[in-house]
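Trainee: mind folding the following:
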Amino acid sequence: MSSSQPGAAGAARCPVSGVAAGFDPFTAEYQDDPAGTLRAARDSEPVFHSPELDHWVVTRYADVRAVFADHRRFSAANALDPITPLGAAARARLARYGFAPGPVLVNEDEPVHRRRRRALAPPLAAERVARLEGRVRDLVTRYVDRFVARGHADLVDDLLWDVPAIVGLLVTGVPDEDIDRARNYAIKMGLFTWGRADDEHQVEIAEQVGRWWRLSGELVDRLKREGGEGWVPTAIDVHRRDPELVGDNHLQNMMMSGLVAAHETTTNAAGNALRHLLARPAAWAALCADPAAIPNAVEECLRFAPSVLCWRRRARVDVEVGGVTIPAGAAVLLVMASGNRDEAAFTDPDTLDITRSNAKRHLAFGTGNHACLGAPLARLELRVILEELTRRLPHARLVEGQDFGYLPNASFHGPRHLRVEWDPAANPLPADRPRGHRG
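Mentor: Okay, the predicted model is just below:
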């Protein structure tokens with residue numbers, strides 16, 4: 001990339017190409033194969049302006065990495081802004097709840113970002129997260145116990161929705177009795193940020209977001225009174241030592257956005273991984289035969305089908321990316337899912353290869369100063385889920401012809417349903433078989 005002086009031609013004067021005109025991240029085609037819909041862009045127009053979104057779209061691996069790394073010329077301030085501007089009615093509904101979005105780690109810039117991240121990161125450090133493996137495995141085991149002898153399951157409803165939610169709330173520090181209320185609101189945040197709703201639906205979503213905002217404040221107040229362990233209690237300790245670094249508004253926003261990050265993205269990542277592994281019996285069988293291959297398979301699944309398709313930045317100055325000048329002030333959409341399928345970065349990128357040597361270089365967790373703090377926790381959960389399912393249900397198969405039910409939004413990507421079936425009498429562990437088949 002190279003800088004240019006302000007005054008470069010803006011998007012309004014750019015001709016709209018076929019690639020740009022055809023890009024619509026809310027379509028069923030995009031939900032089914034986001035990277036595939038951008039193949040032509042990667043090949044011939046890797047940076048283009050989308051009139052649909054009024055964002056500059058960046059599709060190649062090297063360019064996405066470069067923008068993520070360049071915090072001097074690109075701001076993260078727009079990372080959580082609704083991609084579809086809110087109408088007056090939705091804004092009024094949010095105002096009833098005193099909704100006051102503010103900067104959290106993902107949408108703030110240096111130098112305060114580095115100071116806050118350093119203060120808030122310890123609970124999510126890899127060595128701290130590793131101590132949770134026993135609790136995560138016990139939780140996965142309890143949920144699998146409920147359906148293993150049944151012969152069929154919707155893995156999202158029966159396992160993948162609840163487990164990351166409970167783990168996320170545990171790590172965040174939310175009391176157990178508040179789990180159900182918190183979980184009910186969290187999914188609306190994804191649609192609020194990344195969806196395209198009409199005015200009526202915007203108001204419905206805004207109502208749920210407002211309630212979630214209010215509950216987040218109540219949870220923070222409770223943790224202030226009663227204490228606890230986890231990410232938000234750690235932030236409360238920082239707040240008491242340095243209220244300018246972590247203020248009350250930051251705590252409430254942190255609670256609100258942190259649970260979405262800890263829950264829905266991991267649910268989606270696990271659903272994507274299982275969908276694509278089970279659709280490839282040879283890959284699934286290889287993991288069943290060799291559990292040591294699972295950690296690299298996790299990385300390859302994150303590359304092949306990430307749960308967060310794209311993220312955003314705003315250009316501070318005119319900047320050249322991929323031979324195209326993005327004007328100062330313009331919004332930028334970094335499509336990690338497309339970069340992960342760039343043949344300049346990955347050999348045979350459209351093949352899911354669980355032995356891929358450089359799979360971990362994927363962009364699923366971003367990169368640079370804002371790389372995902374929760375990556376160690378997500379990796380742990382994905383590994384344990386795959387270890388337990390390959391051990392207890394190696395003969396599971398996808399139900400044919402099912403609708404995975406992806407939500408129409410630009411970034412948060414995962415199946416709402418994942419139906420599988422198996423012969424319970426053939427379960428490898430005798431205790432998992434129905435009575436009469438345990439001999």
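Trainee: the closest residue in space to T84 that isn't next to it in sequence and G228: what is the separation?
Mentor: Closest residue to T84 apart from its sequence neighbours, by Cβ to Cβ, 6 or more residues apart in numbering: R196 at 4.7 Å. Every C-beta, even on glycine, is put in place using the N, C-alpha and C of the backbone. Taking Cβ to Cβ, to the nearest Å as the measure, R196 falls 38 Å from G228.
Trainee: got a list of what the residue nearest the centre of the chain touches?
Mentor: Central residue of the chain (Cα atoms, centre = their mean): T265, 3.3 Å from the mean position. Taking Cβ atoms under 8 Å, 6 or more residues apart in numbering, we find T265 in contact with 307-308, 374, 378, 412.
Trainee: that older thread, so what pLDDT did the residue nearest to T84 get?
Mentor: If you check R196, the pLDDT there is 91.
Trainee: got a list of what it touches?
Mentor: 26, 83-84, 408-410.
Trainee: neighbour count and pLDDT added to those residues, as JSON lines?
Mentor: Formatted as JSON lines, the contacts of R196 follow (neighbours: other Cβ atoms under 10 Å; pLDDT from 0 to 100):
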{"residue": "F26", "neighbour count": "17", "pLDDT": "93"}
{"residue": "I83", "neighbour count": "23", "pLDDT": "95"}
{"residue": "T84", "neighbour count": "20", "pLDDT": "93"}
{"residue": "P408", "neighbour count": "16", "pLDDT": "86"}
{"residue": "N409", "neighbour count": "22", "pLDDT": "91"}
{"residue": "A410", "neighbour count": "26", "pLDDT": "94"}
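Trainee: low-confidence ranges, the stretch 301-439 of the chain, go.
Mentor: Residue ranges of the stretch 301-439 of the chain with pLDDT under 70: 436-439.
Trainee: how about 90 then?
Mentor: 407-408, 435-439 (pLDDT under 90).
Trainee: H55 against V332, yeah?
Mentor: Yes: the pair H55 / V332 is scored as a contact, 6.4 Å apart, by Cβ atoms under 8 Å.
Trainee: overlap in contacts of those two?
Mentor: Shared contacts of H55 and V332, defined by Cβ under 8 Å, 6+ apart, comprise R312.
Trainee: which of these two has more neighbours?
Mentor: Higher neighbour count among H55 and V332: H55, with 26 against 23, using other Cβ atoms under 10 Å.
Trainee: separation between that one and A121?
Mentor: Applying Cβ to Cβ, the value for H55 to A121 is 29 Å.
Trainee: kindly report the same for L223.
Mentor: Taking Cβ to Cβ, one finds L223 at 18 Å from A121.
Trainee: how about H113?
Mentor: From H113 across to A121, the span is 11 Å (Cβ to Cβ).
Trainee: ditto for G374
Mentor: From G374 across to A121, the span is 10 Å (Cβ to Cβ).
Trainee: more neighbours: which of those two?
Mentor: Set side by side, G374 and A121 show more neighbours around G374, with 19 against 14, by other Cβ under 10 Å.
Trainee: my guess is E343 meets P349, correct?
Mentor: Yes: between E343 and P349 a contact is recorded at 5.2 Å, counting by Cβ under 8 Å.
Trainee: those two - which one has more neighbours?
Mentor: Shown here are E343 and P349; by other Cβ under 10 Å, P349 has more neighbours (21 against 14).
Trainee: got any ranges where the stretch 151-300 of the chain has weak pLDDT?
Mentor: 165-166, 168-170, 172-191, 197-199, 215, 227-229, 256-264.
Trainee: leaving aside the residues next to it on the chain, what's closest to R313?
Mentor: Among residues not flanking R313 along the chain, F74 sits closest, at 4.1 Å (Cβ to Cβ, 6+ apart).
Trainee: so what's that neighbour bridging to?
Mentor: With DSSP bridges as the criterion, F74 is bridged to A315.
Trainee: pretty sure it is touching L334, no?
Mentor: No: if you go by Cβ under 8 Å, F74 and L334 don't touch, sitting 9.3 Å apart.
Trainee: so what sits against both of those two?
Mentor: Taking Cβ under 8 Å, 6+ apart as the contact rule, F74 and L334 both touch 67, 313.
Trainee: just the strands from this protein, written as ranges.
Mentor: In the chain, strands defined by DSSP state E lie at 2-3, 47-50, 55-58, 74-75, 152-154, 310-315, 319-321, 324-326, 331-335, 397-398, 419-421, listed in chain order.
Trainee: next, format the ones you listed as CSV and append distance to A90.
Mentor: Output for the strands of the chain, formatted as CSV (distance: least, Cβ to Cβ, whole Å):
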stretch, distance to A90
strand 2-3, 37
strand 47-50, 23
strand 55-58, 20
strand 74-75, 25
strand 152-154, 32
strand 310-315, 20
strand 319-321, 32
strand 324-326, 29
strand 331-335, 20
strand 397-398, 38
strand 419-421, 34
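Trainee: compare those strands and give me the one nearest L132.
Mentor: Each of the strands of the chain was scored for nearness to L132 using Cβ to Cβ, and the closest is strand 152-154 (24.4 Å).
Trainee: for that closest one, packing partners?
Mentor: Packing partners of strand 152-154 (3 or more Cβ pairs under 8 Å, 6 or more residues apart in numbering; DSSP states H and E): strand 419-421.
Trainee: pull out the buried positions in the strand it packs on.
Mentor: Neighbour counts over strand 419-421 (16 or more other Cβ atoms under 10 Å) mark 419-420 as buried.
Trainee: which helices and strands does that strand pack with?
Mentor: For strand 419-421, the elements it packs on are strand 152-154, strand 397-398, judged by 3+ Cβ pairs under 8 Å, 6+ apart.
Trainee: and the closest residue to P281 other than its chain neighbours, how many neighbours?
Mentor: Distances taken as Cβ to Cβ, 6+ apart put R397 closest to P281, at 7.8 Å, once the chain neighbours are dropped. R397: 14 surrounding residues under other Cβ under 10 Å.
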